[in-house]
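A.B. asks: Here is the input, now give the coordinates:
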Amino acid sequence: MKTLTELNFDNRFARLGDVFSTEVMPQPLDEPRLVVASEEAMALLDLDPAVAGDPLFAELFSGHKLWSTAEPRAMVYSGHQFGSYNPRLGDGRGLLLGEVVNDAGEHWDLHLKGAGKTPYSRMGDGRAVLRSSIREFLASEHLHALGIPSSRALCVTGSDTPVYRERQERGAMLLRLAPSHVRFGNFEFFYYTKQHDELKQLIDHVVECHFADCLEHPEPYHSFFHEVLERTAKMVARWQAYGFCHGVMNTDNMSILGITFDFGPYAFLDDFDAHFICNHSDDAGRYSYENQVPIAHWNLAALAQTLTPFVAVEQLRETMNLFLPIYEAAWLDLMRRRLGFQTAEEDDKELVQRLLQLMQSSAIDYTRFFRELGDSAPEQSLTRLREDFIDIKAFDDWTSSYRQRAGRESGDQSDRQTRMHAVNPKYILRNYLAQQVIEAAEAGDYGPVREVHAVLSHPFDEQPGMERYAERPPEWGKHLEISCSS
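C.D. replies: Predicted structure coming up:
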């Protein structure tokens with residue numbers, strides 16, 4: 001284990017030069033204090049968990065102090081926002097402090113959100129508030145625990161620095177980790193400004209650092225795009241299977257690594273609703289739950305366009321055609337396992353779709369249904385779950401099909417429960433839980449956010465004494481309005 005001063009920096013992205021990012025120093029927060037930290041994320045940097053109690057921990061991760069070998073940079077990029085191209089975005093409130101190499105040889109970006117103004121802040125103040133920082137921290141670590149590819153969150157640091165949004169709030173900073181913070185929008189910026197030499201330099205950097213296997217392919221850039229597409233399809237498949245709604249799938253929020261990135265007005269489904277829109281600002285529903293799959297495909301097409309100087313258009317089109325088959329195979333595989341199936345049968349997709357239609361019409365709690373389905377043998381669990389459905393006849397018809405299908409699987413009920421509970425979380429990050437711990441933290445009580453983080457870090461486990469976090473949300477909790485400014 002390492003101390004805070006023993007981190008080893010190797011700032012590969014900074015070495016690309018000023019065309020790709022701008023040197024900016026973080027602007028410190030007043031009276032920084034640790035709100036919550038993730039020991040699992042700290043372990044990625046080989047940090048001893050005990051260092052979180054050191055005052056230096058909060059000072060480093062709030063911009064008061066800086067490692068001598070860190071090189072803070074604000075990255076430049078552009079992107080399609082709600083379908084319209086914005087030619088110049090960039091890190092408006094974030095800084096890439098540098099890249100730390102752990103003992104396993106892995107590179108991890110240290111990215112500080114809320115670090116103050118940069119040349120890309122436009123009209124913003126470059127700050128983040130406590131509520132948005134807590135929301136991203138909880139989501140990053142919870143998605144990872146669910147097995148959904150995601151950026152990670154090391155800690156949230158609070159302060160007394162005033163920040164003005166719809167009301168006066170307190171400034172905060174989030175330190176997040178990822179192997180890279182390059183996004184689709186980085187490629188778009190250099191493509192649309194016709195800086196094709198720099199675009200090639202960026203592609204080479206990303207491939208060499210993060211897709212080295214593609215270098216063995218006869219056409220490495222084409223292989224690279226295929227890999228990005230496959231990772232993205234599989235990530236979105238897990239979003240859909242677990243009812244996660246990102247909320248702002250702009251191309252500047254799409255990681256080139258195929259990990260969940262830039263959390264804003266996200267939500268997990270409470271009652272199943274394919275039309276659910278989690279972003280209060282998304283009036284047209286562009287980023288609704290049911291649209292996440294076609295939007296991911298659209299975003300990949302935008303990325304493909306940036307590669308046309310180097311990859312034949314026909315090759316890119318052929319690769320684009322692989323998206324839906326890859327997505328569907330990954331989604332159906334996980335949905336089978338959520339239903340307790342170990343094998344694949346031809347009618348499984350229809351069985352899943354029939355269930356989702358029934359859940360939609362009866363507003364069934366998405367997470368609890370699957371967990372309770374595995375609690376006991378199908379006869380018992382389905383009898384109990386039947387009470388929640390409006391169209392009893394249709395549910396009974398589905399039940400008959402499900403029981404026949406389940407009967408063709410091997411193993412006893414104990415095996416079935418173990419399998420199902422391993423993929424069906426008991427605990428999910430519901431918006432009302434996030435809201436409750438945010439309100440407590442804003443009042444100076446960090447105990448609730450730390451407890452919820454601990455519970456959500458083990459979402460599949462039975463946790464005696466924590467059952468209240470698995471309860472159905474109150475009615476008010478299903479209708480919270482979350483906007484991009486959160």
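
A.B. asks: Please make it C-alpha for all contacts and neighbour counts, starting now.
C.D. replies: Will do.

A.B. asks: Double-check that D273 belongs to a helix.
C.D. replies: No: the assignment for D273 is coil, going by DSSP: H, G, I helix; E, B strand; the rest coil, so no helix is present there.

A.B. asks: I'd like to know how many residues surround it.
C.D. replies: For D273, the number of neighbouring residues by other C-alpha atoms under 10 Å comes to 22.

A.B. asks: Just to check, it is in contact with D365?
C.D. replies: No: shown here, D273 and D365 do not form a contact pair, counting by C-alpha atoms under 8 Å, at 9.6 Å.

A.B. asks: who touches both of these two?
C.D. replies: Jointly contacting D273 and D365 under the rule C-alpha atoms under 8 Å, 6 or more residues apart in numbering are M359.

A.B. asks: residue ranges with poor pLDDT in the chain?
C.D. replies: 483-486 (pLDDT under 70).

A.B. asks: which stretches of it form strands?
C.D. replies: Taking DSSP state E as the criterion, the chain contains strands spanning 21-23, 33-37, 73-75, 79-81, 84-86, 94-101, 107-113, 128-129, 152-164, 168-178, 244-245, 267-268.

A.B. asks: for the second one, packing partners?
C.D. replies: Looking back up the chat, that one is strand 33-37. helix 55-60, strand 152-164, helix 447-456 (3 or more C-alpha pairs under 8 Å, 6 or more residues apart in numbering; DSSP states H and E).

A.B. asks: which residue of this structure sits farthest from its center?
C.D. replies: Of all residues in the chain, the one whose C-alpha sits farthest from the chain's mean C-alpha position, using C-alpha atoms, centre = their mean, is K393 at 38.1 Å.

A.B. asks: give me the beta-bridge partners of the residue nearest the centre of the chain?
C.D. replies: By C-alpha atoms, centre = their mean, the chain has its centre lying nearest to T260, at 3.1 Å. In this structure, T260 has beta-bridge partners S150, where bridges are defined by DSSP bridges.

A.B. asks: Can you give me the domain assignment for this structure?
C.D. replies: Taking automatic domain parsing as the reference, the chain has its domains at 4-184, 339-421.

A.B. asks: quick one, which of those domains is packed in tightest?
C.D. replies: For the domains of the chain, average neighbour numbers computed from mean count of other C-alpha atoms under 10 Å are highest in domain 4-184, which has a mean of 20.

A.B. asks: coming back round to it: possible to save the strands of the chain as TSV with distance to R386?
C.D. replies: Output for the strands of the chain, formatted as TSV (distance: least, C-alpha to C-alpha, whole Å):
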stretch	distance to R386
strand 21-23	57
strand 33-37	41
strand 73-75	52
strand 79-81	42
strand 84-86	45
strand 94-101	49
strand 107-113	46
strand 128-129	43
strand 152-164	39
strand 168-178	43
strand 244-245	25
strand 267-268	23
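
A.B. asks: mind checking which of those is nearest L4?
C.D. replies: When the strands of the chain are ranked by proximity to L4, the top entry is strand 94-101, at 11.7 Å, counting by C-alpha to C-alpha.

A.B. asks: between the closest one and strand 168-178, how many degrees?
C.D. replies: With axes from the mean of the first three to the mean of the last three C-alpha atoms, to 10 degrees as the basis, strand 94-101 and strand 168-178 are set at 30 degrees to each other.

A.B. asks: rewinding a little: ok, which of the strands of the chain comes nearest L56?
C.D. replies: With C-alpha to C-alpha as the measure, strand 33-37 is the member of these nearest L56 (10.0 Å).

A.B. asks: Show me the contact partners of the closest one.
C.D. replies: Under the criterion C-alpha under 8 Å, 6+ apart, residues 52, 55, 57-58, 153-159, 441, 446, 449-450 lie in contact with strand 33-37.

A.B. asks: Apply 6 Å and report the result again.
C.D. replies: Applying C-alpha atoms under 6 Å, 6 or more residues apart in numbering, the external contacts of strand 33-37 come out as A58, L154, C155, V156, T157, G158, Y446, R450.

A.B. asks: same check, this time on stretch 166-181
C.D. replies: For stretch 166-181, the external contacting residues (C-alpha under 6 Å, 6+ apart) are 107-114, 128-130, 133, 151-163.

A.B. asks: Distance to D91 added to the helices and strands packed on strand 33-37, as a markdown table?
C.D. replies: As requested, these are arranged in a markdown table below (distance: least, C-alpha to C-alpha, whole Å):
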| stretch | distance to D91 |
| --- | --- |
| helix 55-60 | 20 |
| strand 152-164 | 17 |
| helix 447-456 | 27 |
